[in-house]
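In: Quick one, what's the 3D model for this:
(one chain, ligands or ions: 1)
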Amino acid sequence: MKKATLLLILIVFSIAEIGAQNPLIMDEFTADPSARVFNNRVYVYPSHDIRLDSGRFANWFCMEDYHVYSSENLTQWEDHGVILSQYDVPWVDPSTYSMWAPDCIEKDGKYYFYFPSTAKDKSEGRGRRIGVAVADSPEGPFIPQEKPMEGVFGIDPNVFIDTDGQAYLYWGGGETLYMAKLKENMLELATEPKQVVDLPAKFKEGPYLFERQGKYYFTFPHVPETTERLVYAMGDSPMGPFEFKGVIMKESPVECWTNHHSIIEYRDQWYLFYHHNDLSPDFDKNRSIKADSLFFNADGTIQEVVPTLRGVGITPADTKIQVDRYSESRGSRVNYEFVDSSDPHKGWRIMLPEKNNWVRYNKVGFDDKSFDNLKIKAQSSQGGQIEIRLNGADGTLVSEVAISGNEGWQSLNNGLLSVPEGVNDLYLVNVGDNPVAIDWIQFE
Ligand code: FUB
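Out: Residues are numbered from 1 along each chain as shown. Purely as a prediction, here's the structure:
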C-alpha cells in the first residue's frame, strides 16, 4: 500500500475515534476553549494541560503548546496537531509552561492567534505578557511575532471585531478585566487599556465578548466564594458601559476550581464551550473541554446552562455511541464509572443494576443507511438481558441482546428487529434480573 494511502486511512480512523460527547476530547487534557466559526466549520483553540512529575509546575497549571481541533457536526473532532509551542516563540521563557488561555480571530484572510505567556525579558515590566502569532489558515502554521504586545500585561486574551471592522482586545489581570481598541494591524493597541467597571467584586478572568441583535455581551468567569462560575453583563457598545445580568453556568459540580468559556452561534444554534476536570477528578489543573446548547430569553438575557454528559450534535449511528454520556436515566442506582480507573482517557461505562433501569441517549443519526447489525460492548457477571428501543423505554424495539454470565467484557453482535431511520433517541433498558454494564454500542 502506498504511504499516502496508509496515512489517509490512519487520519480517517483517528478522526472517527476522537471525542463525540462531553468531554469533547478524550486523548488529551484540554481547557479554556475558544470556539470560532471559520469557513462554516467550528474550530476550538484550547489550552493544552499537561502534568509534570516534578518541579515547580508539577501541581500547578502547566502548558507548553497549543493544538487546534475542528468539527463540522460537533460530534467528531479532528485534531490538527500542535499549532504553536513555547519553544518556538522568541520572547517566551520556556521554563514557565505558561501558555495559558488563547483566542483566535480572522481578519482579511489572516488568522491572528493571541496567547499569554511569561517573557524572558522583564525590562518592560513584570507579569504575564500577551503575544500574537499569525497564519493564513485556521489550522496554522502560526508564526509568532518577535515580541509580546506592547503595553499589555495579563492573561486570557479575547478579541472581538465589530461590524464596522474595529477590533477590540479584552484580557484579565487578577481582580480586574481590561479592554482596548486594536490597530488595523491587529498586533498593537490603538488605545490605552481601560478597566471594565461595574462588575462584581472578587476574582475575575477569561473575558469573552460577543454581539447578538445589537447587544454586546461581556461574559467572564467570577469567583464569588471558592470556585469559578460563568457570568455576564450587557451593554450597547463593545467598550461598555456594561450592566451586570447574572449567571450563565453555576460553579462546577465536580469542584473544578476554574471554568473558562466561549460562546458561538453555529447553524442557527448558540453554544457554550467550557471546561471541567471530568478526566482528572483528583487534580483540577488537568481539564477537559465540553459544549452545551445555550438559549436566550425574549429580552435578550441568557438562560442558565446546566452541564450535560451528552453534550451537543447528532451522533452518527455508525460510530461508537458512548451511552455512558446519557441524556436521562431511570433507576436510583443507575450510574457511570471509569472503564479503567488507571486510565481515565479510556472513558466510562454505564451501570444498569436492576430490572427496568434505563438510559436515554438522545439524537443518534441513522441517515438513510441500511444497518443490519448492532455491536455492543457489555459485561454481566451473572448474565443479563438488554433491549434497545427508539424514542421511549417502550418504543419500537430495535434489538434484544443477551449477555452471558462472565466477569470479562464481551463484544456482541446482534441482528436488528427494526431498522431506524433519521434521528432518534435511543433507550437501553435492562430487562433481565441481573446488573449489566455497557461501554458503547455501534450500528453496522
Ligand atoms: O488555564 C489557565 C488558567 O486557568 C486560564 O488562563 C484561566 O482562565 C483559567 O481557566
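
In: need the residues of the stretch 151-300 of the chain near the ligand, please.
Out: Residues of the stretch 151-300 of the chain that fall close to the ligand, judged by Cβ under 6 Å from any ligand atom: 155, 156, 205, 206, 258, 260. Glycine gets a C-beta too; all of them are placed from N, C-alpha and C.

In: Present the residues you listed as a markdown table; the columns should include secondary structure and neighbour count.
Out: Shown next, in a markdown table, are these (DSSP: H, G, I helix; E, B strand; the rest coil; neighbours: other Cβ atoms under 10 Å):
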| residue | secondary structure | neighbour count |
| --- | --- | --- |
| 155 | strand | 21 |
| 156 | strand | 29 |
| 205 | coil | 25 |
| 206 | coil | 28 |
| 258 | coil | 22 |
| 260 | coil | 26 |
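
In: from those residues, which two are the most distant?
Out: Every pair in these was compared (Cβ to Cβ); the two farthest apart turn out to be 155 and 258, at 11.6 Å.

In: Okay, the closest residue to residue 195 other than its chain neighbours and residue 387: tell me how far apart.
Out: Using Cβ to Cβ, 6 or more residues apart in numbering and skipping the chain neighbours, the partner closest in space to residue 195 is residue 176 (5.4 Å). Distance, residue 176 to residue 387, using Cβ to Cβ, to the nearest Å: 57 Å.

In: ditto for residue 250
Out: As judged by Cβ to Cβ, residue 250 and residue 387 stand 36 Å apart.

In: Residue 339 too?
Out: Counting by Cβ to Cβ, the gap from residue 339 to residue 387 is 23 Å.

In: now swap in residue 362 and tell me
Out: 18 Å.

In: And these two? Which one has more around it.
Out: residue 387 (20 against 16; other Cβ atoms under 10 Å).

In: what about that one, which helix or strand?
Out: In the assignment (DSSP states H and E), residue 387 maps to strand 384-390.

In: So what's the gap between the following helix or strand past that strand and the chain middle?
Out: Sequence order places strand 396-403 as the next helix or strand after strand 384-390, per DSSP H and E. With Cα atoms, centre = their mean, to the nearest Å as the basis, strand 396-403 stands 33 Å off its chain's centre.

In: Likewise for stretch 25-43?
Out: The answer for stretch 25-43 is 6 Å, by Cα atoms, centre = their mean.

In: re the thing from before, can you give me how far the strand holding residue 387 is from the chain middle?
Out: With Cα atoms, centre = their mean, you get 31 Å for strand 384-390.

In: buried stuff in it?
Out: 384, 385, 386, 387, 388, 389, 390 (16 or more other Cβ atoms under 10 Å).

In: which residues sit in contact with the second one?
Out: This means residue 385. 400, 401, 402, 403, 430, 431, 432, 436 (Cβ atoms under 8 Å, 6 or more residues apart in numbering).

In: which residues does the fourth one form a beta bridge with?
Out: In other words, residue 403. For residue 403, the beta-bridge partners under DSSP bridges are residue 384.

In: and it, how far is that from the ligand?
Out: Separation of residue 403 from the ligand (Cβ to the nearest ligand atom, to the nearest Å): 42 Å.

In: pretty sure that residue contacts residue 412?
Out: Yes. Counting by Cβ atoms under 8 Å, residue 403 does reach residue 412; the two are 6.8 Å apart.

In: Pick out whichever of those two has more residues nearby.
Out: residue 403 (22 against 16).

In: Single out the residue in the stretch 301-444 of the chain that lies closest to the ligand.
Out: Using Cβ to the nearest ligand atom, the closest approach of the stretch 301-444 of the chain to the ligand is made by residue 307 at 15.5 Å.

In: and that residue, helix, strand or coil?
Out: Secondary structure state of residue 307, per DSSP: H, G, I helix; E, B strand; the rest coil, is coil.

In: quick one on the thing from earlier: would you turn the buried residues of strand 384-390 into a markdown table with distance to the ligand and pLDDT?
Out: A markdown table is the format used below for those (distance: Cβ to the nearest ligand atom, whole Å; pLDDT from 0 to 100):
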| residue | distance to the ligand | pLDDT |
| --- | --- | --- |
| 384 | 42 | 97 |
| 385 | 45 | 97 |
| 386 | 40 | 98 |
| 387 | 43 | 98 |
| 388 | 39 | 98 |
| 389 | 41 | 98 |
| 390 | 40 | 98 |
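
In: and which of the residues you listed is nearest to residue 289?
Out: Using Cβ to Cβ, residue 388 is the member of those that lies nearest residue 289, at 29.7 Å.

In: Please report how far the closest one lies from residue 420.
Out: 10 Å.

In: Common neighbours of those two, please.
Out: Taking Cβ under 8 Å, 6+ apart as the contact rule, residue 388 and residue 420 both touch residue 398.

In: thought residue 338 was touching residue 348?
Out: Yes. The criterion here is Cβ under 8 Å, and residue 338 meets it with residue 348 at 5.8 Å.

In: These two: which has the busier surroundings?
Out: residue 348 (22 against 16).

In: For the stretch 1-150 of the chain, which segments are assigned as strands?
Out: Applying DSSP state E, counting those that start in this stretch to the stretch 1-150 of the chain gives strands spanning 29-38, 41-49, 65-71, 78-85, 103-107, 110-117, 129-135, 143-144.

In: Dump these into JSON lines; add distance to residue 233 and mean neighbour count as well.
Out: Below are the strands of the stretch 1-150 of the chain laid out as JSON lines (distance: least, Cβ to Cβ, whole Å; neighbours: other Cβ atoms under 10 Å):
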{"stretch": "strand 29-38", "distance to residue 233": "19", "mean neighbour count": "24"}
{"stretch": "strand 41-49", "distance to residue 233": "24", "mean neighbour count": "23"}
{"stretch": "strand 65-71", "distance to residue 233": "28", "mean neighbour count": "22"}
{"stretch": "strand 78-85", "distance to residue 233": "31", "mean neighbour count": "18"}
{"stretch": "strand 103-107", "distance to residue 233": "19", "mean neighbour count": "21"}
{"stretch": "strand 110-117", "distance to residue 233": "22", "mean neighbour count": "24"}
{"stretch": "strand 129-135", "distance to residue 233": "22", "mean neighbour count": "22"}
{"stretch": "strand 143-144", "distance to residue 233": "32", "mean neighbour count": "17"}
